[in-house]
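Novice: Provided below are the primary sequence and the corresponding predicted coordinates.
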Amino acid sequence: MSSSSDDLLKQTTPTLKVVLLGDSGVGKTCLRSQFVHHVFTNAYRATIGGDYLTTTVTLPPETPTPSSYRMEHELDESRSSDELAKKRTKTTAPRVVNLQIWDTAGQERFNSISKAFYRGTDVVVLVYDITNYESVLSIRDWFKRFMEFCFVEKPGVIIVGNKVDKVNERCVDLEEIQEIITANTDVSVGDYVEDWETDLREVTSKRLDQVEALFTQVAKVGVAVTDGGVKKRNLKGFDRIDINTLNTLNNSNTTSSRCSC
């Protein structure tokens, strides 16, 4: 591939920042490890601070929906029926999206460190454990703290119940989640979830197919909230993370953690 082709690819391939949030032990690290490395382990080791890995997702081609070409026809009534017919049968090409996936500590004592990683997030993935009711309630606090420090007006939001393989230990049903996490809160996650049918889901990090489907949806939401990934939103009061501090943390503590999932 020529250098000009490489430059064009870089220009047309968006990079989205994704942050995984949730209580310690819900399986954030395992979700990322399964997706990026196709590796799962039951060994648990708490994440210290946070770190990120970058990988790619290929979004499948899409065919315009009837409502989309009706809307386009209403906006431009001069289009001929032949043009609209071609529009109906035309599908978009598969699209490659880079995901920069941040894994953050779930323990309270690391909040002052982790919140520095929220800035500029395109999509936040709020993770709870279906066998731990407290981890569901904590979603409200995690989201409120995230909104205080992400400095993005309208981030994408995905909510994930992990450990569905432990269905016999389930303490909360999927149908209850929306009501629980949107009740009694001044910053409601419900104002940011675009589609509860697709953006609230249950998975097990033991299943690669489920985890890949999750991050494919993350990429779709991220592309939607960033105007196709081309026009990045302005950040309010954005400042940089001190990389030297991050490197010191990484050298003194092992951040490639394992979650009990």
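Specialist: Yes, it's here.
Novice: Poorly predicted segments of this protein, please.
Specialist: Across the chain, the ranges flagged by pLDDT under 70 are 1-11, 43-50, 63-92, 105-114, 228-261.
Novice: 80 instead, please
Specialist: When residues are selected by pLDDT under 80, those of the chain lie in 1-12, 41-51, 62-93, 105-116, 227-261.
Novice: Okay, helices next: where are they in it?
Specialist: For the chain, the helices defined by DSSP state H cover 3-12, 28-37, 66-75, 81-89, 111-114, 133-149, 174-182, 196-199, 208-225, 243-252.
Novice: okay, now residue 54: neighbour count?
Specialist: 12 (other CB atoms under 10 Å). The way it works is simple: take the backbone N, C-alpha and C, and place the C-beta from them, glycine included.
Novice: and what of the one 3 residues further on?
Specialist: A count of nearby residues for residue 57, using other CB under 10 Å, gives 20.
Novice: And residue 226, by the same measure?
Specialist: What residue 226 shows, counting by other CB under 10 Å, is a neighbour count of 22.
Novice: hang on, isn't it packed against residue 17?
Specialist: No. Residue 226 is beyond contact range of residue 17, at 9.8 Å (criterion: CB atoms under 8 Å).
Novice: what's across from residue 52 in the sheet?
Specialist: residue 102 (DSSP bridges).
Novice: follow-up on the earlier one: now the common contact residues for residue 226 and residue 17.
Specialist: residue 122 (CB atoms under 8 Å, 6 or more residues apart in numbering).
Novice: could you check the distance from residue 151 over to residue 116?
Specialist: To residue 116, residue 151 is 11 Å away according to CB to CB, to the nearest Å.
Novice: And for residue 25?
Specialist: Residue 25 is 22 Å from residue 116, by CB to CB.
Novice: Compare these two and say which is more crowded by neighbours.
Specialist: residue 25 (20 against 17).
Novice: So what does that one look like in phi/psi?
Specialist: As for residue 25, its main-chain torsions (degrees, to the nearest 10) stand at phi 90, psi 0.
Novice: May I ask you to confirm that it is in contact with residue 129?
Specialist: Yes. If you go by CB under 8 Å, residue 25 and residue 129 touch, sitting 6.9 Å apart.
Novice: Can you check which residues contact both of those two?
Specialist: In contact with both residue 25 and residue 129: residue 135, using CB under 8 Å, 6+ apart.
Novice: So what's the residue count around the nearest residue to residue 59 once chain neighbours are set aside?
Specialist: Closest residue in space to residue 59, ignoring its immediate chain neighbours: residue 95 at 4.5 Å, by CB to CB, 6 or more residues apart in numbering. Counted with other CB under 10 Å, the neighbours of residue 95 add up to 19.
Novice: Same question for residue 175.
Specialist: Neighbours around residue 175, by other CB under 10 Å: 8.
Novice: who are the neighbours in contact with it?
Specialist: Contacts of residue 175 (CB under 8 Å, 6+ apart): none.
Novice: Over to residue 53?
Specialist: 32, 36, 100, 101, 103.
Novice: does the last one really touch residue 29, like I thought?
Specialist: Going back to what we said before, that points to residue 103. Yes. Counting by CB under 8 Å, residue 29 is a contact partner of residue 103 at 5.3 Å.
Novice: buried ones in stretch 174-182?
Specialist: Going by neighbour count (16 or more other CB atoms under 10 Å), the buried part of stretch 174-182 is 177, 181.
Novice: Just the CA trace of that stretch, in CSV.
Specialist: Below are the C-alpha coordinates for stretch 174-182, written out as CSV (Å, rounded to 0.1, in the frame of the first residue of the first chain):
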residue,chain,number,x,y,z
LEU,A,174,-32.6,-7.5,32.6
GLU,A,175,-36.2,-6.0,32.5
GLU,A,176,-35.6,-4.4,35.9
ILE,A,177,-32.4,-2.6,35.1
GLN,A,178,-33.7,0.5,33.3
GLU,A,179,-36.1,1.4,36.2
ILE,A,180,-33.4,0.7,38.9
ILE,A,181,-30.6,2.8,37.4
THR,A,182,-32.8,5.8,36.3
